[in-house]
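Participant: Show me the folded form of this:
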Amino acid sequence: MARRKAPKEEDPELDMSSLIDVSFLLLIYFLVTSTLDPKEADLGMTMPTSQSSAPSEVEIDQMTVEVNSSGHIVLNEEVLDTDPEKREVPLLLDRLRTYAESARLTDSKPMVIIAADDAAKGQRFVDVLNALADRDVDIRNVTITGFKEE
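Facilitator: Residues are numbered from 1 along each chain as shown. Got it, this is the predicted structure:
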């Protein structure tokens, strides 16, 4: 049997033009999406002066309103409205108006935490929420928590 010679294989060639195109596309992508650091001249700087032009910022502390199991309303550890049968809470409304007005004067948001005892009547809790929603008070930043008196 005669041996046949296999056809001679040609050397493989690689087309470089598509690889160059891809590398340029990647380069353009990274140049466009990168952010450049601003120069020092572009930064807005304010040098301190001998006179203070900005008023000092005053922050108003949050208020804590508690409704205990007997229906008493306690504001920052001070007992205010003690008759749970009355729906009106005039002392609480007065304190909340003062607090809301002082917060508006200092350009800060008033914040109230309502802590209701688990055994407290739901109506008393709703009375406190109504006082917060009063048109003169209008406090909307309210956190509600629960507690149990021991």
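Participant: for Lys8, what are its contacts?
Facilitator: Not one residue lies near Lys8 by Cβ atoms under 8 Å, 6 or more residues apart in numbering. (Each C-beta comes from the backbone N, C-alpha and C, glycine too.)
Participant: That one belongs to a helix?
Facilitator: No - per DSSP: H, G, I helix; E, B strand; the rest coil, Lys8 lies outside any helix segment and is coil.
Participant: Walk me through which strands the helix or strand of the chain with the lowest mean pLDDT pairs with, and which way each runs.
Facilitator: One helix or strand of the chain scores below all others by mean pLDDT, DSSP states H and E: strand 141-147, with a mean of 81. If you go by DSSP bridges, strand 141-147 pairs up with strand 111-117 (parallel).
Participant: following the strand it pairs with, which helix or strand shows up next?
Facilitator: Per DSSP states H and E, the first helix or strand lying C-terminal to strand 111-117 is helix 122-132.
Participant: now the spatially closest residue to Asp134 that is not a sequence neighbour, what's its secondary structure?
Facilitator: Leaving out its chain neighbours, the residue that sits closest to Asp134 by Cβ to Cβ, 6 or more residues apart in numbering is Leu93, at 6.2 Å. For Leu93, the assignment made with three-state DSSP gives helix.
Participant: Equivalent analysis for Thr98, please.
Facilitator: Strictly by three-state DSSP, Thr98 counts as helix.
Participant: Quick check: pLDDT value at it.
Facilitator: For Thr98, the pLDDT comes out at 89.
Participant: How many neighbouring residues does it have?
Facilitator: By the criterion of other Cβ atoms under 10 Å, Thr98 has 11 neighbours.
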